[in-house]
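Chemist: what would the 3D arrangement of this be:
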Amino acid sequence: MEGSPKHRANRRRGEIEAAIGGRTRVLCLTLGGLAELETAFGADNLNDLAARFATGRLKSTDIIRIIGAGLRGGGNLVSDDDVGAMEIEGGLAGAARIVTALLTATFAPEGENTQVGEAGAPSP
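Modeler: Numbering: from 1, shown residues only. Sure, this is the predicted structure:
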């Protein structure tokens, strides 16, 4: 159930790009994606959700959920099960960098860098 948008990531919309499943994909946490994550994490509001992410304590299923919501928000037709089976450049560390970049793009003030480079690290 894969699909991918043809556009490049637009930082002003909170989008990032990352190498997932053998190709560069756009990720974005839309309002629908954030609502999905609020429900999944039992958060009462966006502040609670942001506070949970700020702890840095995420399980592998949390990482899959965040990346999955970001991929769907970026126009990729994938389920969380699909995400769990995808190869992510850099493995677990690469996945963690993608989550960090995605959350930064969503919650940080505009102007902070959120592009994920070839190794999964934020690009200058």
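
Chemist: and T30, how far is that from A85?
Modeler: T30 is 23 Å from A85, where distance means C-beta to C-beta, to the nearest Å. Every residue, glycine included, has its C-beta placed from N, CA and C.

Chemist: ok, now C28?
Modeler: For C28, the distance to A85 - C-beta to C-beta - is 21 Å.

Chemist: likewise L77?
Modeler: Taking C-beta to C-beta, one finds L77 at 14 Å from A85.

Chemist: next one: L31
Modeler: On the measure of C-beta to C-beta, L31 and A85 end up 27 Å apart.

Chemist: please apply the same query to A50.
Modeler: 29 Å.

Chemist: list the residues that contact the residue lying farthest from the centre of the chain.
Modeler: Seen from the C-alpha centroid of the chain, the residue lying at the greatest distance (C-alpha atoms, centre = their mean) is D44, 20.5 Å away. By C-beta atoms under 8 Å, 6 or more residues apart in numbering, D44 lies in contact with E38.

Chemist: so for A50 and A85, which sits in the more crowded spot?
Modeler: Using other C-beta atoms under 10 Å, the more surrounded residue of A50 and A85 is A50, with 14 against 11.

Chemist: please list all residues in contact with that one.
Modeler: Per C-beta under 8 Å, 6+ apart, neighbours of A50: F107.

Chemist: pretty sure L49 belongs to a strand, no?
Modeler: No - assigned with DSSP: H, G, I helix; E, B strand; the rest coil, L49 falls outside any strand and is helix.
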